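Peer 1: Model the following, please.
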Amino acid sequence: MAEQRLSGRAASPGFAEGALYYLPDLSGAERQSSGHPEAEAAALHAAISSALETLQALAASTADEAADMIGFQIAMLEDDALSETAFEAIRQGAAADLAWRSAMDAEINSYRAADDEYFRARSADLEDIRDTVLNALIGGNTTSKLPDGAILAGRDLPPSQFLSVDWTKGGAIVLSEGSPTSHVAMLARARGVPMIVGVGTLPQSVDGSILIDGAHGIAIINPTASSRSEFIERRVMDDVAQQHATSMATQSAVTKSGDPVTVLINVADPTELTTIDPALCDGIGLVRTEFLFSDRHGLPNEDTQYRVYRQLVEWAKGRPVTIRTLDAGGDKPIRGLTIDGESNPFLGVRGVRLSLTRPDIFRIQLRALLRASALGALKVMVPMITVPEELATVRTMMQEELAALQAASIDAAMPPLGMMVEVPAAALAIDCFDAEFYSIGSNDLTQYVTAAGRDIGAVADLADMRHPGVLRLIEQVVAYGQANDREVSLCGDAAGEATLIPALLDTGLRTFSVAPGLVGRTKLAMSAHTPASPRGAQ
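Peer 2: As a prediction, the model looks like this:
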């Protein structure tokens with residue numbers, strides 16, 4: 001069979017070789033109906049319970065944003081309204097699998113046809129929910145049966161299927177659709193899984209091996225000897241670069257021209273720090289506290305939060321630890337806290353907007369942070385700040401809680417208070433915000449500036465942080481910070497992408513916060529950077 005090349009978009013760098021494994025397609029699969037509505041309803045109830053157990057196990061086994069993604073699916077599946085139409089069809093005589101598929105397909109099509117981009121993006125979660133239940137109902141194949149090192153192929157890959165794979169044994173992903181800015185692409189980059197999206201029509205079957213070059217977005221089916229030789233050469237060069245990056249991981253970050261750069265790490269759960277040497281970084285630039293609020297047993301109390309924050313400060317050994325207050329809402333719902341049914345949750349009550357509507361819960365977190373601040377170099381960062389009054393309100397609340405703690409003879413201290421810069425209006429008027437430091441959230445800032453959702457494949461190319469509008473906003477914020485002696489960092493996904501680092505350094509940015517596994521590559525990219533020519537230079 002002749003060599004065939006598939007070209008797409010690079011979603012996660014890396015090289016892989018293996019057999020192509022097509023993701024299960026349940027569109028035509030059926031089960032034998034019992035013919036009894038009661039038995040069919042019981043079968044669907046059991047399948048939904050099984051799917052919930054599967055999703056809950058996945059959420060419990062991951063320590064990053066994947067838990068939030070799966071949490072969204074759990075919340076939807078636990079809502080009886082989602083399955084009500086299917087059970088009604090079963091009462092009318094339909095088989096459980098056909099009733100579920102029909103009801104979910106109608107819901108999915110409704111989401112896809114929505115004017116709002118948030119609902120269009122959530123259609124992928126509904127597809128994932130549909131297929132997880134069908135797998136339990138029909139007993140179809142799942143990715144848990146994958147051979148080691150398999151190359152997954154399909155139209156798209158939902159988070160639950162990605163998380164069910166043991167990627168420590170190798171493998172890669174090639175998708176006919178998908179987006180390099182999707183949640184699954186973010187997970188692939190964080191775990192070092194090569195991934196290519198948007199390759200178009202996939203071959204029906206492949207005999208032999210397939211080579212994946214994730215950095216260049218190329219898949220080679222049945223490669224010739226020459227193509228294989230070139231592939232091996234690129235992979236060897238990449239391995240050498242990775243070894244160099246590993247050796248640099250615990251060294252100070254410096255550009256080629258000698259400028260020092262601060263490299264911090266992002267933390268989604270303190271458990272991931274157990275195997276990380278603090279010498280890897282200059283501190284923690286982002287602690288996502290959402291994991292504390294995903295416990296199904298209820299919202300965390302003050303002592304529970306304090307113990308976690310204390311653990312982070314103790315791990316850092318004097319290095320700064322920046323903890324972000326709860327950033328719920330949007331694609332991160334929390335049962336009993338976030339608002340259901342918003343027409344556009346990404347533009348709704350999320351981040352600090354939500355916290356200020358629930359001061360009883362917010363003050364508990366603030367008290368725990370104030371107590372932990374007495375133990376070391378803790379900083380507090382507030383998400384989704386849009387107007388100066390929000391930041392001022394948070395500061396006032398912290399001062400009130402600090403006074404109450406001190407009156408009760410409880411050790412506490414006022415930490416530096418900073419803000420996320422992710423709303424374009426805040427970036428444009430950064431001089432109006434009296435924050436002690438600023439941290440740019442590149443994911444949301446890019447999404448809002450370009451009006452392109454990162455999980456919507458059709459507009460993925462538009463959600464590009466290289467857009468001059470995004471870079472100019474970052475440059476403006478950095479310049480203001482430098483002129484006023486206030487630290488400006490970037491903690492979004494872009495901070496760890498080697499291809500974006502030169503553009504970010506050219507904005508003047510000198511503090512980056514990245515996933516722990518990307519520290520070496522980030523420092524390596526910085527070491528090769530020389531400043532760009534000044535604007536307007538000939």
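
Peer 1: residues in contact with Leu509?
Peer 2: Contacts for Leu509 were tallied using Cβ atoms under 8 Å, 6 or more residues apart in numbering; they are 440, 474, 478, 488-490. Every residue, glycine included, has its C-beta placed from N, CA and C.

Peer 1: ditto for Leu391
Peer 2: 382, 385, 417, 419, 433-435 are the contacts of Leu391 under Cβ under 8 Å, 6+ apart.

Peer 1: and if we set it to 7 Å?
Peer 2: Counting by Cβ atoms under 7 Å, 6 or more residues apart in numbering, Leu391 makes contact with 382, 385, 419, 433-435.

Peer 1: Highest neighbour count among the contacts of Leu509?
Peer 2: Leu490 (31 neighbours; other Cβ atoms under 10 Å).

Peer 1: Show the pLDDT at that residue.
Peer 2: Looking at Leu490, its pLDDT is 95.

Peer 1: what does Ala377 give?
Peer 2: We have a pLDDT of 95 for Ala377.

Peer 1: how much space is there between the closest residue to it other than its chain neighbours and Gln32?
Peer 2: Closest residue in space to Ala377, ignoring its immediate chain neighbours: Pro320 at 4.5 Å, by Cβ to Cβ, 6 or more residues apart in numbering. Pro320 is 61 Å from Gln32, where distance means Cβ to Cβ, to the nearest Å.

Peer 1: more neighbours, the two?
Peer 2: Taking other Cβ under 10 Å, Pro320 and Gln32 do not tie; Pro320 has more neighbours (20 against 8).

Peer 1: in terms of contact, does the more buried one touch Val380 like I think?
Peer 2: No: if you go by Cβ atoms under 7 Å, Pro320 and Val380 don't touch, sitting 11.4 Å apart.

Peer 1: Mind jotting down where the strands sit in the stretch 51-200 of the chain?
Peer 2: Assigned strands in the stretch 51-200 of the chain, in chain order: 151-154, 172-175, 195-197 (criterion: DSSP state E, counting those that start in this stretch).

Peer 1: I'd like the ones you listed as JSON lines, with mean neighbour count, mean pLDDT and distance to Ala2 appended.
Peer 2: Listed next are those as JSON lines, based on neighbours: other Cβ atoms under 10 Å; pLDDT from 0 to 100; distance: least, Cβ to Cβ, whole Å:
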{"stretch": "strand 151-154", "mean neighbour count": "22", "mean pLDDT": "89", "distance to Ala2": "19"}
{"stretch": "strand 172-175", "mean neighbour count": "28", "mean pLDDT": "93", "distance to Ala2": "19"}
{"stretch": "strand 195-197", "mean neighbour count": "29", "mean pLDDT": "92", "distance to Ala2": "20"}
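
Peer 1: quick one, domains of the protein?
Peer 2: Annotated domains of the chain cover 4-21+143-241, 37-138, 261-527 [automatic domain parsing].

Peer 1: Need the ones you listed in CSV (columns: distance to Ala253).
Peer 2: Formatted as CSV, the domains of the chain follow (distance: least, Cβ to Cβ, whole Å):
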stretch, distance to Ala253
domain 4-21+143-241, 16
domain 37-138, 23
domain 261-527, 4
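
Peer 1: number of nearby residues for the residue lying closest to Thr62 once chain neighbours are set aside?
Peer 2: Closest residue in space to Thr62, ignoring its immediate chain neighbours: Leu163 at 6.0 Å, by Cβ to Cβ, 6+ apart. Applying other Cβ under 10 Å, we find 22 residues neighbouring Leu163.

Peer 1: Repeat that for Leu356.
Peer 2: 16.

Peer 1: Please apply the same query to the one 4 residues further on.
Peer 2: Summarising burial for Asp360: neighbours were counted as other Cβ under 10 Å, giving 7.

Peer 1: Glu302 versus that one, what's the distance?
Peer 2: In terms of Cβ to Cβ, Asp360 sits 12 Å off from Glu302.

Peer 1: same thing with Ala16?
Peer 2: 47 Å.

Peer 1: ok, those two, which is more surrounded?
Peer 2: Neighbour count, other Cβ under 10 Å: between Ala16 and Glu302, Ala16 has more, with 22 against 15.

Peer 1: quick one, phi psi at that one?
Peer 2: Main-chain torsions, Ala16, degrees, to the nearest 10: phi -150, psi 150.

Peer 1: ok, it - contacts?
Peer 2: 151, 170-172, 194, 212.

Peer 1: and which of those residues is nearest to Pro531?
Peer 2: The nearest member of the contacts of Ala16 to Pro531, counting by Cβ to Cβ, is Pro194 at 31.7 Å.

Peer 1: Can you give me the distance of the closest one to Gly348?
Peer 2: Distance from Pro194 to Gly348, by Cβ to Cβ: 36 Å.

Peer 1: which stretch of helix or strand covers Ala219?
Peer 2: If you go by DSSP states H and E, Ala219 is part of strand 218-221.

Peer 1: Could you give the separation of that strand from the chain centroid?
Peer 2: 27 Å (Cα atoms, centre = their mean, to the nearest Å).

Peer 1: Stretch 439-454 now?
Peer 2: So, by Cα atoms, centre = their mean, the centroid of stretch 439-454 is 13 Å from its chain's centroid.

Peer 1: CA atoms of that stretch as CSV?
Peer 2: C-alpha atoms of stretch 439-454 as CSV (Å, rounded to 0.1, in the frame of the first residue of the first chain):
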residue,chain,number,x,y,z
SER,A,439,-1.7,38.0,36.1
ILE,A,440,-2.8,37.7,32.5
GLY,A,441,-5.2,34.8,31.8
SER,A,442,-4.3,34.2,28.2
ASN,A,443,-7.0,31.6,27.6
ASP,A,444,-10.0,33.8,28.4
LEU,A,445,-8.4,37.0,27.2
THR,A,446,-7.8,35.5,23.8
GLN,A,447,-11.3,34.1,23.7
TYR,A,448,-12.9,37.4,24.5
VAL,A,449,-10.7,39.5,22.3
THR,A,450,-11.2,37.3,19.2
ALA,A,451,-14.8,36.4,19.9
ALA,A,452,-13.9,32.8,19.2
GLY,A,453,-14.6,29.9,21.6
ARG,A,454,-11.5,27.7,22.2
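
Peer 1: Check what contacts it and list those residues.
Peer 2: With Cβ under 7 Å, 6+ apart, stretch 439-454 has contacts from 117, 121, 179, 181-182, 285-286, 381, 418, 420-424, 427, 459, 462-465, 467, 469-470, 473-474, 477, 488-495.

Peer 1: I'd guess Ser34 is in a helix, am I close?
Peer 2: No: secondary structure assignment (DSSP: H, G, I helix; E, B strand; the rest coil) places Ser34 in coil, not in a helix.

Peer 1: For it, give me its contacts.
Peer 2: Glu40.

Peer 1: before we move on, what about the one 3 residues further on?
Peer 2: Residues counted as contacts of Pro37 (Cβ under 7 Å, 6+ apart) are 90-91, 93.

Peer 1: In helices, which of these appear?
Peer 2: Of the positions in those, 90-91 sit in helices, assigned by DSSP state H.

Peer 1: By neighbour count, which of the contacts of Pro37 wins?
Peer 2: Neighbour counts for the contacts of Pro37 (other Cβ under 10 Å) peak at Ile90, which has 26 neighbours.

Peer 1: Thought Ala39 was touching that one, still the case?
Peer 2: No: using Cβ under 7 Å, Ile90 is not in contact with Ala39, being 9.5 Å away.

Peer 1: From the contact counts, what lies against the strand holding Ala219?
Peer 2: strand 4-7, strand 209-213 (3 or more Cβ pairs under 7 Å, 6 or more residues apart in numbering; DSSP states H and E).

Peer 1: Quick check: neighbours of that strand in the sheet, parallel or antiparallel?
Peer 2: Partners of strand 218-221 in the sheet, by DSSP bridges, are strand 4-7 (antiparallel), strand 209-213 (antiparallel).
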